[in-house]
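[1] Take this sequence and fold it.
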Amino acid sequence: MTTPPDVPPTLYWDDAPPPRRKRRLWPWIVSLGVVLVLFGGAAFAGEWLARDLVERGVRSALASELGVPADQAEVQVGGLVIPQLISGRFDEVRIEAQDVSLQGFTGDVEVTARGVPLTADGPLDSAEASVSLDQEQLRTLLSGVEGFPAESLGLSGTDVTMTVQLNVFGVAVPIGVGLTPSAAGGALVLTPASFTLAGATADAQGLRDQFGSVADAALQPWQVCIASSLPAGLTLTDVAVVDHQVVAQFDIASGILVDSTLRDSGVCG
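    Alright, predicted model coming up:
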């Protein structure tokens, strides 16, 4: 009897490929994070540098064109600066300057301009400005108005206040007057709105009945031209007492950067 040859048993799993080594994911995540951080840091540094250059450039222009010291002005460019430099136009630029000397008075100035061309060779989309005067600054402005008792000027609530001395048969009678500020034809107008006499409230007709034409000194409106102290491209639109300051609001003509006549001194109508 013939003995069958020894045949090793077949192992079906011997032909399968060797198991893959598991690769760890965290080193890739860390590497990607490092790259992103480095890229973000470079972009931030570039953005910071661009913003600094633009804002310093604006302050330098204010110093050379308007005499506003660079350290006296604060400039803010809205949004990311680099994309706006590429487009050649800034979305929004805000300028604040304290104690700016204008023609005849001093005040705090705020300007907001939108759609500002990089090379100042085109119109703005829109712009407005405000000039704020405290009590002393307003007193200086009104001291140039003939007959106005600037030394008695004050600010109370929403009114400008003053005291007028009525001369009645050689006796000075003090009348307290509350004046409401407004804008008209480029001028600041102060219109009498309330009166006090000997500590009591009075009205215009009562003063007229009691003092006759002598009461005109207390009843007349006062005005001072603001437009002549500012560029013609600024239109005075409103004046109000806000937080113990007189705040004048202006619209700025969109072509003020390209039309030199709009940068000349304005006039009152």
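[2] Would you map the helices across the protein?
    Using DSSP state H, the helices found in the chain span residues 26-66, 81-87, 135-142, 204-211, 216-219.
[3] which strands and helices sit next to the fourth one?
    Right, helix 204-211. Judged by 3 or more CB pairs under 8 Å, 6 or more residues apart in numbering; DSSP states H and E, helix 204-211 is in contact with strand 187-197, helix 216-219. Every residue, glycine included, has its C-beta placed from N, CA and C.
[4] now the third one
    Taking 3+ CB pairs under 8 Å, 6+ apart as the contact definition, the neighbouring helices and strands of helix 135-142 are strand 106-117, strand 154-156, strand 222-225.
[5] Going by neighbour count, which residues in that helix are buried?
    Using 16 or more other CB atoms under 10 Å as the test for burial, helix 135-142 gives Gln137, Leu138, Arg139, Thr140, Leu141, Leu142.
[6] Just give me the lowest mean pLDDT stretch among the helices and strands packed on helix 135-142.
    Lowest mean pLDDT within the helices and strands packed on helix 135-142: strand 106-117, a mean of 92.
[7] That strand vs helix 135-142, what angle?
    Interaxial angle, strand 106-117 versus helix 135-142 (axes from the mean of the first three to the mean of the last three CA atoms, to 10 degrees): 90 degrees.
[8] So which elements touch strand 106-117?
    Applying 3+ CB pairs under 8 Å, 6+ apart, one finds that strand 106-117 makes contact with strand 89-101, strand 126-133, helix 135-142.
[9] Could you tell me the per-residue confidence at the nearest residue to Asp108 once chain neighbours are set aside?
    Distances taken as CB to CB, 6 or more residues apart in numbering place Ser132 nearest to Asp108, at 4.5 Å, with adjacent residues excluded. pLDDT, Ser132: 96.
[10] what's in contact with stretch 191-207?
    For stretch 191-207, contacts defined as CB atoms under 8 Å, 6 or more residues apart in numbering pick out 159, 173, 175-180, 182, 215, 218-221.
[11] now the end-to-end length of that stretch.
    The first and final residues of stretch 191-207 sit 16 Å from each other (CA to CA, to the nearest Å).
[12] coming back round to it: now which of the contacts of stretch 191-207 would you call buried?
    Asp159, Val173, Ile175, Gly176, Val177, Gly178, Leu179, Thr180, Ser182, Ala215, Ala218, Leu219.
[13] partners of the fifth one in the sheet?
    Right, the one you point to is Val177. Met162, Phe195 (DSSP bridges).
[14] quick one, what contacts it?
    Thr161, Met162, Thr163, Val164, Pro192, Ser194, Phe195, Ala218.
[15] who wins for neighbours among those?
    When neighbours are counted by other CB atoms under 10 Å, Ala218 leads these with 24 neighbours.
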